[in-house]
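Peer 1: Please work out how this folds:
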Amino acid sequence: MSSERIGVGLIGCGWISEIAHLPNLLDSPRGRIIALADLSDAGRAKAMRRAPGARAYPDAAGLLANPAVEAVIIATPPSVGSSLAVAAFTAGKHVYLEKPGAISLDAAKTIRAAWLSSGKVGMIGYNFRRHVAIESALARVRAGQIGDLVSIQSVFSWAAGEDGGWRTERGSGGVLIDLASHHIDLAAYFARSGVRESYVVVRSVQRPDDTADLTLHFACGTVAGIHVSSCEGRNANFLRLYGREGHLEIDLTAQGRTRVLKGDPPRSRAARFGVALRGLDLTGLVSSGAERSFARLLDDFLAACQEGQQASPSIDDAVAVHATLDRARARMAPLRFGADREDPTL
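Peer 2: Have a look, this model is predicted:
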């Protein structure tokens, strides 16, 4: 294992880099940011103010040609992320690719082929796997606290407002690519099984393809229902796991919050009060509120680069998510929101 800090290049200096990748790289004991690239002059200038020692490039080609860049973080819209990932692997770089990496299964498979040919580390940015609440919940499930997993129900909604950025552009993949991909990955992570069947209903409530409901049938028998939307006025990110011996609640908006529920809900006032007291999340109350899953996954990536060992989630996980989406789209039932609202028979 090498103790040398990895020379990292950041491709894409937009919102996600501003809130996660740049600050995490600047704080990392394993990596040092030596180059950054963005098509926007303003984006590059803003990033350079935070990383003045890095070299700035107007495009990814110049950054990838820099031999001091050993690893890259690609934080661009998925419509261009796949070609950048292929170019980076071809240039002999380790690659951390923001989820879901591509907008189609074919593009994801092309990335995988380049990754396997390169012999380099390839990771996909499904950062929620490294959220403390997910890790806590996974440990509880693996310990058998809720028994065999029967069903997973989840909601991921984002109050995007009028400006949804690349997510609202035609051909972007909409909410399925942006939000559903995260929860498809998490559902498979908990089920530890491949998806046998998948179905989806997509609606355009405020913008094209901004709301979707998916059903996934896993080979192990678990069924997952996933609701995602970018138009509901409130951010929410939670999962409910239903097992033969109990239920488990996970709230990803609260630091470390997981709850196992068993038996009949309490009915007396005193019993309900006791449950409420036990449910107080003191760790969450005193925490800074900072979301550390991005930093933890970045550290996993850089450690894998130093050790020359592949880590997860890998490019294979990206392909699995796209395969699920591909099957679901083949049975997609698009609906126009409110079409029958005035129907007197409803």
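Peer 1: Surely Pro63 is within a strand?
Peer 2: Quick fix: residue 63 is Leu, not Pro. No - the secondary structure assignment for Leu63 gives helix rather than a strand, going by DSSP: H, G, I helix; E, B strand; the rest coil.
Peer 1: quick one: the strands in the chain?
Peer 2: With DSSP state E applied, the chain shows strands at 6-11, 31-37, 55-57, 71-74, 94-97, 122-124, 149-157, 195-203, 211-218, 223-229, 236-243, 246-251, 257-261, listed in chain order.
Peer 1: any chance of those in TSV, with mean pLDDT, distance to Ala295 and mean neighbour count too?
Peer 2: Glycine gets a C-beta too; all of them are placed from N, C-alpha and C. Written out in TSV, the entries for those read as follows (pLDDT from 0 to 100; distance: least, CB to CB, whole Å; neighbours: other CB atoms under 10 Å):
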stretch	mean pLDDT	distance to Ala295	mean neighbour count
strand 6-11	98	14	25
strand 31-37	97	11	23
strand 55-57	97	23	19
strand 71-74	98	13	27
strand 94-97	98	12	28
strand 122-124	98	14	29
strand 149-157	97	21	20
strand 195-203	94	30	19
strand 211-218	96	29	20
strand 223-229	97	25	22
strand 236-243	97	18	20
strand 246-251	96	20	19
strand 257-261	88	19	17
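Peer 1: Mind checking these for the one nearest to Val319?
Peer 2: With distances scored as CB to CB, the stretch of the strands of the chain nearest to Val319 is strand 122-124 (9.2 Å).
Peer 1: Against which helices or strands is that closest one packed?
Peer 2: Strand 122-124 is packed against strand 94-97, helix 293-307, helix 315-330, with contacts defined by 3 or more CB pairs under 8 Å, 6 or more residues apart in numbering; DSSP states H and E.
Peer 1: on that earlier part again, possible to save the strands of the chain as TSV with distance to Pro23?
Peer 2: Output for the strands of the chain, formatted as TSV (distance: least, CB to CB, whole Å):
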stretch	distance to Pro23
strand 6-11	11
strand 31-37	10
strand 55-57	18
strand 71-74	13
strand 94-97	15
strand 122-124	19
strand 149-157	24
strand 195-203	35
strand 211-218	31
strand 223-229	27
strand 236-243	21
strand 246-251	24
strand 257-261	24
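Peer 1: which one of the ones you listed lies closest to Ala139?
Peer 2: With CB to CB as the yardstick, what comes closest out of these is strand 257-261 (9.2 Å).
Peer 1: Pull the distance from the closest one to the chain's centre.
Peer 2: Going by CA atoms, centre = their mean, to the nearest Å, the spacing between the C-alpha centre of strand 257-261 and its chain's C-alpha centre is 22 Å.
Peer 1: helices or strands next to it in the packing?
Peer 2: Contact partners of strand 257-261 among helices and strands, from 3+ CB pairs under 8 Å, 6+ apart: helix 132-142, strand 246-251.
Peer 1: Buried residues of the longest one, list them for me.
Peer 2: By neighbour count with 16 or more other CB atoms under 10 Å, helix 132-142 contains the buried residues Val132, Ala133, Ile134, Ala137, Leu138, Arg140, Val141.
Peer 1: ditto for stretch 309-323
Peer 2: Neighbour counts over stretch 309-323 (16+ other CB under 10 Å) mark Ala311, Pro313, Ser314, Ile315, Asp317, Ala318, Val319, Ala320, Val321, His322, Ala323 as buried.
Peer 1: what about the nearest residue to the first one once chain neighbours are set aside, how many neighbours?
Peer 2: Okay, so that is Ala311. Among residues not flanking Ala311 along the chain, Ala304 sits closest, at 3.9 Å (CB to CB, 6 or more residues apart in numbering). Burial measure for Ala304: 23 neighbouring residues, criterion other CB atoms under 10 Å.
Peer 1: And the pLDDT for Ala304?
Peer 2: The predicted local confidence for Ala304 comes out at a pLDDT of 98.
Peer 1: Repeat that for Ser204.
Peer 2: 87.
Peer 1: Show me how the protein divides into domains.
Peer 2: In the assignment given by automatic domain parsing, the structural domains of the chain cover 6-128, 132-293+326-330.
Peer 1: before we move on, the earlier item: from the buried residues of stretch 309-323, which single one is nearest Arg196?
Peer 2: The shortest separation between Arg196 and any of the buried residues of stretch 309-323 is 11.2 Å, and it belongs to Ala323 (by CB to CB).
Peer 1: In contact with that closest one: list those residues for me.
Peer 2: When the contact criterion is CB atoms under 8 Å, 6 or more residues apart in numbering, the partners of Ala323 are Leu105, Val195.
Peer 1: again, only this time at 10 Å
Peer 2: Neighbour list for Ala323: Leu105, Ala108, Lys109, Ile184, Gly194, Val195, Ser198 [criterion: CB atoms under 10 Å, 6 or more residues apart in numbering].
Peer 1: Please narrow those to those residing in helices.
Peer 2: Cross-referencing those with the helices (criterion: DSSP state H) gives Leu105, Ala108, Lys109, Ile184 as the overlap.
Peer 1: Skip the chain neighbours and tell me the closest residue to the third one.
Peer 2: Okay, so that is Lys109. Counting by CB to CB, 6+ apart, the residue nearest Lys109 is Val319, at 6.2 Å.
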